[in-house]
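In: quick one: sequence and predicted model below, then my questions.
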Amino acid sequence: MALSYKARRRWALIILLIGMPLYIIFAIAGVALLFSYTGRPSIVIEFAIYVILGVSWVVPFKKVFMGVGQADPDAAPSNPK
């Protein structure tokens with residue numbers, strides 16, 4: 001079942017305002033917990049982990065974010081004079 005344009009916009013807003021900050025908190029806590037057991041790695045490895053985590057969060061939500069920034073395709077076309 002495909003989401004309507006309005007539903008996708010709402011879900012994108014919820015994901016960005018609530019889900020993303022929660023993901024950041026859990027990602028930082030998870031990496032810190034991992035490094036507390038193994039010791040701190042080099043800055044390059046730590047940076048690579050954060051880059052991978054920073055990009056991978058959007059993969060499950062790709063369909064939600066597609067076309068959200070464009071005009072509503074379901075709206076009636078406006079007739080400018």
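Out: Structure's in. What do you need? It should be emphasised that the depicted structure is a prediction, and the values quoted were computed from it without experimental measurement. Residues are numbered from 1 along each chain as shown.
In: let me see the ranges of the helices in this protein.
Out: When assigned using DSSP state H, the helices of the chain occupy the ranges 5-14, 20-38, 43-56, 62-65.
In: which of the ones you listed sits closest to residue 72?
Out: When the helices of the chain are compared by CB to CB, helix 5-14 sits nearest residue 72, at 5.0 Å. C-beta coordinates here come from the backbone N, C-alpha and C atoms, glycine included.
In: which helices and strands does that closest one pack with?
Out: helix 62-65 (3 or more CB pairs under 8 Å, 6 or more residues apart in numbering; DSSP states H and E).
In: how far does the helix it packs on sit from the chain's center?
Out: Centroid displacement of helix 62-65 relative to its chain, using CA atoms, centre = their mean, to the nearest Å, is 9 Å.
In: who's in contact with residue 30?
Out: Residue 30 is in contact with no residue at all, counting by CB atoms under 8 Å, 6 or more residues apart in numbering.
In: what about the chain, any weak spots by pLDDT?
Out: Where the chain drops to pLDDT under 70, the residues are 1, 76, 79-81.
In: and the residue nearest the centre of it?
Out: In the chain, the C-alpha closest to the average C-alpha coordinate belongs to residue 58, at a distance of 4.0 Å (CA atoms, centre = their mean).
In: wait, isn't it in contact with residue 52?
Out: No. The pair residue 58 and residue 52 fails to qualify as a contact (CB atoms under 8 Å) at a distance of 12.0 Å.
In: sorry, back to before: let me see the contact set for the nearest residue to the residue nearest to the centre of the chain once chain neighbours are set aside.
Out: Beyond its immediate neighbours in the sequence, the residue positioned closest to residue 58 (CB to CB, 6 or more residues apart in numbering) is residue 65, lying 7.0 Å away. Residue 65 makes contacts with 8, 12, 58, as judged by CB under 8 Å, 6+ apart.
In: with distance to residue 24 added, can I get the residues you listed in JSON lines?
Out: As requested, the contacts of residue 65 are arranged in JSON lines below (distance: CB to CB, whole Å):
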{"residue": "8", "distance to residue 24": "22"}
{"residue": "12", "distance to residue 24": "17"}
{"residue": "58", "distance to residue 24": "13"}
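In: nearest to residue 74 among those?
Out: Nearest to residue 74 out of the contacts of residue 65 is residue 8 (CB to CB; 11.0 Å).
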